[in-house]
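> A structural model of the following input is requested.
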Amino acid sequence: MHYGLTEENHMIADTVRSFVEKEIYPHEELVERTGEVPREIADEIRRKTLELGFYACNFPESVGCAGLNHLEFALVERELGRGSMALNHFFGRPQNILMACEGEQVERYLMPTVRGERMDALAMTEPGAGSDVRGMKCAAVRDGGDWVVNGTKHFISGADHADFIIVFLATGEDETPKGPKKRITAFLVDRDTPGFTIREGYKSVSHRGYKNMILDFDDCRLPDAQVLGAVDGGFEVMNTWLYATRITVATMSVGRARRVFDYALDYAATREQFGQKIGKFQGVSFQLADMITEIDAADLLTLAAADRLDKDLPANREIASAKLYASEMLARVTDAAIQLHGGMGLMDDYPLERFWRDARVERIWDGTSEIQRHIISREMLRALGA
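Down below sits the predicted model:
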């Protein structure tokens with residue numbers, strides 16, 4: 001799909017797609033089988049991404065990065081979506097909220113991270129606080145000049161490789177007409193901080209090798225220097241991050257769906273039954289038509305949302321629509337591709353069963369489909385004063 005893309009836009013997408021095919025695809029079977037990314041492979045992917053000039057390409061030129069806009073970065077994420085998340089993690093797209101770093105935080109966290117010398121992760125979800133962010137119980141309490149942190153975070157992706165974690169913590173509570181409302185603050189927490197432990201989380205059927213971790217805080221002391229942004233200003237920082245991650249889920253869903261579709265289309269064009277290619281049967285050809293129509297629709301919806309951000313236009317509803325539609329589209333496309341392949345679609349000789357498993361989590365993380373529907377309907381109704 002072109003969506004008025006420039007020659008430079010196409011070059012970005014083609015470059016990343018070629019990288020994924022050459023540097024990611026060859027290692028996918030190993031990661032799928034072992035559930036691990038060997039350190040030497042991770043380092044090689046990071047090194048080659050740096051050489052390519054795409055490491056931290058979501059960061060501005062002012063910090064020595066490519067400075068891609070939202071649309072361009074969406075194209076990067078779309079092509080990365082074709083490959084294993086466990087492997088493309090090392091392509092390196094640090095959390096953009098690190099631009100909120102100030103003072104010594106710049107040289108301690110921001111600059112080493114965009115140079116590929118340190119890796120970050122982000123922690124918000126808790127066992128009792130997923131979609132209900134303000135329900136978090138992991139808290140930081142003032143004690144002299146420090147903050148003392150106690151509690152647990154879980155489902156924290158990338159924490160196994162991270163040198164530091166951006167952690168959102170409850171730092172107080174306000175009484176409102178609707179009841180108590182938590183105040184949230186973002187903190188930068190180094191891996192080796194006393195009282196802070198990272199341990200392996202749950203085994204997921206989706207995205208093997210891309211592990212979720214559990215973070216435990218036991219009287220962990222953090223000085224004010226570790227606050228990212230303003231005290232009690234965590235929601236402001238968080239919203240900036242959520243825009244980026246929801247577009248990422250949408251674009252990656254599109255990229256993965258296109259890879260799945262390529263398998264389905266090739267199979268329909270070569271597999272023979274009843275004396276002819278199965279693609280000639282209407283029951284198959286119509287499925288292919290529906291699949292590519294949905295993929296193109298999700299692609300356009302996502303690029304349009306990214307374009308609105310570049311034009312400084314309100315985009316909350318559009319981003320939620322893109323995340324909702326693209327993630328649910330991926331589920332339909334992977335399921336249809338397996339149906340088209342018949343029994344072989346569920347065998348691990350083909351990667352389709354992996355894409356099918358991987359697709360399931362996209363409707364959950366970074367805001368469930370239900371949360372996206374809530375955002376979409378709320379934005380429309382608010383415009384009418386409802």
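> what about the helices in the stretch 201-350 of the chain?
Under the criterion DSSP state H, counting those that start in this stretch, the stretch 201-350 of the chain contains helices at 234-270, 282-310, 316-341.
> who wins for proximity to residue 366 among those helices?
Residue 366 sits nearest to helix 234-270 of all the helices of the stretch 201-350 of the chain, at 4.6 Å, using C-beta to C-beta. The C-beta positions use only the backbone N, C-alpha and C, and glycine is treated the same way.
> hang on, the earlier thing: would you mind finding the most buried of the helices of the stretch 201-350 of the chain?
helix 316-341 (a mean of 23; mean count of other C-beta atoms under 10 Å).
> tell me the mean pLDDT for the helix or strand that it is followed by?
Helices and strands here follow DSSP states H and E; after helix 316-341, the next one along the chain is helix 352-361. In this model, helix 352-361 has an average pLDDT of 96.
> now do stretch 53-64
96.
> residue contacts, residue 84?
Counting by C-beta atoms under 8 Å, 6 or more residues apart in numbering, residue 84 touches 24, 27, 28, 31, 32, 207, 209, 210.
> can we see that at 10 Å?
Contact analysis of residue 84 by C-beta atoms under 10 Å, 6 or more residues apart in numbering lists 20, 24-25, 27-32, 37, 207-210, 351, 354, 358.
> filter the residues you listed down to the buried ones and hand me the PyMOL line.
This is how PyMOL selects the buried members of those, with burial counted by 16 or more other C-beta atoms under 10 Å:
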select buried, resi 20+24+27+28+30+31+32+37+207+208+209+210+351+354+358
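> residue 30 reaches residue 36, doesn't it?
Yes. With contact defined as C-beta atoms under 10 Å, residue 30 reaches residue 36; the gap is 8.4 Å.
> common neighbours of these two, please.
residue 209.
> surely residue 141 is within a strand?
Yes. Counting by DSSP: H, G, I helix; E, B strand; the rest coil, residue 141 falls inside a strand.
> most distant residue from the centre of this protein?
Distance to the chain centre peaks in the chain at residue 275, reaching 44.4 Å (criterion: C-alpha atoms, centre = their mean).
> report the separation between that one and residue 110.
Distance of residue 275 to residue 110, given as C-beta to C-beta, to the nearest Å: 63 Å.
> try residue 161
18 Å.
> residue 172 touches residue 147, doesn't it?
No. The criterion here is C-beta under 10 Å, and residue 172 misses it with residue 147 at 11.2 Å.
> so for the two, which residue has more residues nearby?
Set residue 172 next to residue 147 and count neighbours by other C-beta atoms under 10 Å: residue 147 wins out with 22 against 15.
> what helix or strand is the more buried one on?
For residue 147, the host element (DSSP H and E) is strand 146-157.
> please, which helix or strand holds residue 66?
Going by DSSP H and E, residue 66 is not in any helix or strand.
> correct me, but it touches residue 49?
No. Between residue 66 and residue 49 there is no contact under C-beta under 10 Å: 11.0 Å.
> higher neighbour count, the two?
residue 49 (22 against 18).
> what sits against the more buried one?
So residue 49 contacts 16, 19, 23, 55, 56, 57, 88, 90, 91, 92, 93, 116 (C-beta under 10 Å, 6+ apart).
> any chance of the residues you listed in a markdown table, plus secondary structure?
Output for the contacts of residue 49, formatted as a markdown table (three-state DSSP):
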| residue | secondary structure |
| --- | --- |
| 16 | helix |
| 19 | helix |
| 23 | helix |
| 55 | coil |
| 56 | coil |
| 57 | coil |
| 88 | helix |
| 90 | helix |
| 91 | helix |
| 92 | coil |
| 93 | coil |
| 116 | coil |
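> if anything else comes up later, I'll come back, but that's it for now.
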